[in-house]
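Undergrad: have a look at this fold, sequence not included:
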DNA sequence: CCAGATTTGTTTTCTTGATGAACTAAGAGG
DNA sequence: CCTCTTAGTTCATCAAGAAAACAAATCTGG
């Protein structure tokens, strides 16, 4: 079913990975980075250029340097494409991204929660996307799917998603069977971290954490250049950390989980319980800016709590950076400031000084793009 | 200065590492584990046996199996020795351990906190240890030193130890210069984790955390088979995580750190502040067993707090096991039970079910042995 | 404009390390 | 004693990378 190309040996894979994550590089730099001699690179690049996955381009030097100018090696975006989709309780969007992570096409799929139906819709969606765009089927290198919940180590089965009410759903296998393409399933926070590593600001970093603020609070880490999945695939499941003993009841059955304090829905609920007549978190921020005590209180608690959980995470893993990605317009200036302050106050000064805490706000097909990144990551770094 | 032996190539190193961590193995099993063919192993083992680092022994099968019996390959304990010492505010003990981690000799050193003096005393101590034991100098493969505080990535300099009041002390270099031997410095919790991985119960595990209860609370993790040091070498510094906002002041300047609640000294202090006339934690446990409310309260708080910090750590990294090592007879039955309960209650059931929480109590030259383990680890897994 | 200087990348030759296939070794079981 | 099974070895062969010498492309300084 699948074209037999796309088979690279270990050295080639290492080089593809390096070019993909460290951007266009000259042969000499690649050699140094890979710890191999120049002759090895001549041979490697030749095969990769012949395979069409790598392009050669003249370096445009800003200021003239001595010696022969180097030829830069870069990924060929059009060598292949990855499909990605995030399965939530909303209408899913299937996206197609190229080798450099840029979205080439998108397609809205019908909503369903039945695994078989979802798999069929994805398979059909991929077919119509390649038909529309005229991309050859053998250019399709993989499909990634993001879900909220626990996923097994083989990236095949959703072990448990309270959100979708799925238990042991082998969605990736279903999709693979229907499409003949490599398909991978992954927890949504981990897909977000993968995207940040492969195509985002974390590209040069080997140790960082990603916190996503969407329906709930998600978290995932890259450690030593590898996505941390954990012994049960549950690394980063901080949404249900107890932050307020005896606090408000949570969907998970416990009380006072982080999700009951800092998740967007929880913030709204707390604000309304405090008598505020608001419908968005932006409005709470506006009230807080006018010193409304209830609004200040709610946001203060959310920010400080999130900050202390992040601080704890930093103390445990000492990452180089933490990216807080707001996917639902929930993290305003006040919360940012509080998170920042709480982290600084609760982390050892030696560590806090060099820690980068980066806030960003995303929207649109973000989650589907993260899902596609997982397929890309599997292609760049097989295992 | 140093004998030119002990130079092994990558494959040999990998095999030494495997034999050291996965115990005696037959050639066939080694081949499978290393992912190489049998012929490669024949060649590799030959050189290692000739070098004297590996010993061959007939397997004593319990029940007779079919086929030719395999020859087991094991480390030769006498191939080399590692020295280790822990620098604290007490009298240091220098130990010598063999390749399998067993203590062969020990020597009490004079107490000092001056780096130059410490280095000289260690160098002299190593000399007298090998003189006493008759071990040839070229059998000495390295020296490990444990300190409480931050250590740089090169394992050479103590960046910051409030305990010892050291700042940027290049102790490992001093020792290396005086002895001509490889010397390594490491944070004490990380040395404890290294010992657990190399010679302890964590040998077969790739993902685990170690919590040490000594003067304070220490923490370190192995992730994916590698010691997690972090971007600033500060991974695991949970002693000063805020667990009780506005709580008792801590040496570090903040308030309500974990160390002010769960460290042995803090437990004693809290008990005395509550009016208990006790001098050891054992006595508090005895009072608690007789339902003394103040004693119960103090131990309950310590156990539950430690448990919730461990739970958080588990949620973040999802390790296979957590080892709680009590080096000062501080963790009694009640605290164990509370830690256990709190962890179970605060971790996602999917993760908690498979998590092993192992308590142990150690004494004697434990810390010095952990220091020696770091030198051993450097020998087995160079970088 | 031309001769070094300097850096990039290629070619050639050679070493190293591992492999596959066939072989020997050492036991169990009939 | 012969066969089966598993362990380990030998030998011819292959593939990947290294060192050294070389070719290419640009700057510098006359």
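TA: Nice, I can see it. Predicted model only: the values in this text are computed from it and were never measured.
Undergrad: can you list the residues of chain A near DNA strand D?
TA: Within chain A, the positions near DNA strand D by C-beta under 7 Å from any atom of the strand are A:9-11, A:35-40, A:43-44, A:58, A:64-69. C-beta here means a position set from N, CA and C on the backbone, and glycine is covered the same way.
Undergrad: anything in stretch A:375-382 near chain B?
TA: No: shown here: stretch A:375-382 not in contact with chain B (C-beta under 8 Å from any C-beta of the partner chain), separated by at least 13.8 Å.
Undergrad: same check, this time on stretch A:156-168
TA: Yes: Stretch A:156-168 reaches chain B (C-beta under 8 Å from any C-beta) through A:159, A:160.
Undergrad: any idea how far apart the tips of that stretch sit?
TA: From its first residue to its last, stretch A:156-168 covers 10 Å (C-alpha to C-alpha, to the nearest Å).
Undergrad: figure out how far that stretch is from the centre of its chain.
TA: Relative to its chain's centre, stretch A:156-168 lies at 19 Å (C-alpha atoms, centre = their mean, to the nearest Å).
Undergrad: what about the spatially closest residue to residue A:310 that is not a sequence neighbour, how many neighbours?
TA: Computed as C-beta to C-beta, 6 or more residues apart in numbering or on different chains, the closest residue to residue A:310 that is not its neighbour in sequence is residue A:343, at 5.3 Å. As a burial measure, residue A:343 scores 22 neighbours (other C-beta atoms under 10 Å in any protein chain shown).
Undergrad: so who does residue A:343 touch?
TA: A:307, A:310, A:311, A:314, A:322, A:352, A:355, A:357 (C-beta atoms under 8 Å, 6 or more residues apart in numbering or on different chains).
Undergrad: let me know the closest of these to chain B.
TA: residue A:311 (7.3 Å; C-beta to the nearest C-beta).
Undergrad: ok, the closest one - contacts?
TA: Taking C-beta under 8 Å, 6+ apart, one finds A:342, A:343, A:345, A:346, A:347, B:241, B:242 in contact with residue A:311.
Undergrad: okay, and the nearest residue to residue A:198 once chain neighbours are set aside sits in which element?
TA: What sits nearest to residue A:198 in space, not counting adjacent residues and going by C-beta to C-beta, 6+ apart, is residue A:373, at 5.2 Å. Using DSSP states H and E, residue A:373 sits in helix A:366-380.
Undergrad: now residue A:351
TA: Residue A:351 belongs to helix A:349-352, assigned by DSSP H and E.
Undergrad: could you look up the SS state of residue A:105?
TA: Under DSSP: H, G, I helix; E, B strand; the rest coil, the three-state class of residue A:105 is strand.
Undergrad: does residue A:45 really touch residue A:26, like I thought?
TA: No: counting by C-beta atoms under 8 Å, residue A:45 stays clear of residue A:26, with 10.3 Å between them.
Undergrad: specify which residue of the two has the higher count of neighbours.
TA: Per other C-beta under 10 Å, whichever of residue A:45 and residue A:26 has more neighbours is residue A:45, with 19 against 15.
Undergrad: re the thing from before, kindly identify which of the residues of chain A next to DNA strand D also come near DNA strand C.
TA: A:38, A:39, A:43, A:65, A:66, A:67, A:68, A:69.
Undergrad: which of those are buried?
TA: Among these, none scores as buried (criterion: 16 or more other C-beta atoms under 10 Å in any protein chain shown).
Undergrad: out of those residues, which one has the lowest pLDDT?
TA: Least confident of these in the model: residue A:65, at 81.
Undergrad: which SSE is that residue in?
TA: Counting by DSSP H and E, there is no helix or strand that carries residue A:65.
Undergrad: who are the contact partners of the residue nearest to residue A:198?
TA: Residue A:373 makes contact with A:82, A:84, A:97, A:101, A:144, A:191, A:194, A:195, A:198, A:199 under the criterion C-beta under 8 Å, 6+ apart.
Undergrad: ok, it to residue A:141 distance?
TA: Remark: distance between residue A:373 and residue A:141 (C-beta to C-beta, to the nearest Å) = 12 Å.
Undergrad: could you do residue A:360 as well?
TA: 27 Å.
Undergrad: so who does residue A:310 touch?
TA: Residue A:310 neighbours (C-beta under 8 Å, 6+ apart): A:209, A:211, A:322, A:324, A:339, A:342, A:343, A:357.
Undergrad: where along the stretch 51-200 of chain A do the strands fall?
TA: For the stretch 51-200 of chain A, the strands defined by DSSP state E, counting those that start in this stretch cover A:54-58, A:71-75, A:81-87, A:93-98, A:103-108, A:140-147, A:150-151, A:158-161, A:166-169, A:183-187.
Undergrad: mind putting those into TSV with mean pLDDT and mean neighbour count?
TA: Shown next, in TSV, are these (pLDDT from 0 to 100; neighbours: other C-beta atoms under 10 Å in any protein chain shown):
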stretch	mean pLDDT	mean neighbour count
strand A:54-58	92	15
strand A:71-75	95	19
strand A:81-87	98	28
strand A:93-98	98	24
strand A:103-108	97	16
strand A:140-147	97	27
strand A:150-151	94	25
strand A:158-161	93	20
strand A:166-169	96	18
strand A:183-187	98	28
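Undergrad: so which of those gets nearest residue B:165?
TA: strand A:183-187 (44.9 Å; C-beta to C-beta).
Undergrad: okay, now the sheet partners of the closest one, with direction.
TA: strand A:140-147 (parallel) (DSSP bridges).
Undergrad: how far away is the residue in chain A positioned nearest to DNA strand C from residue A:26?
TA: As assessed by C-beta to the nearest atom of the strand, DNA strand C sits closest to residue A:67 within chain A, at 2.2 Å. Using C-beta to C-beta, one gets 11 Å for the distance from residue A:67 to residue A:26.
Undergrad: contacting residues for the residue nearest to residue A:116 when sequence neighbours are not counted?
TA: Nearest residue to residue A:116, sequence neighbours excluded (C-beta to C-beta, 6+ apart): residue A:174, at 6.6 Å. Counting by C-beta under 8 Å, 6+ apart, residue A:174 touches A:115, A:116, A:119.
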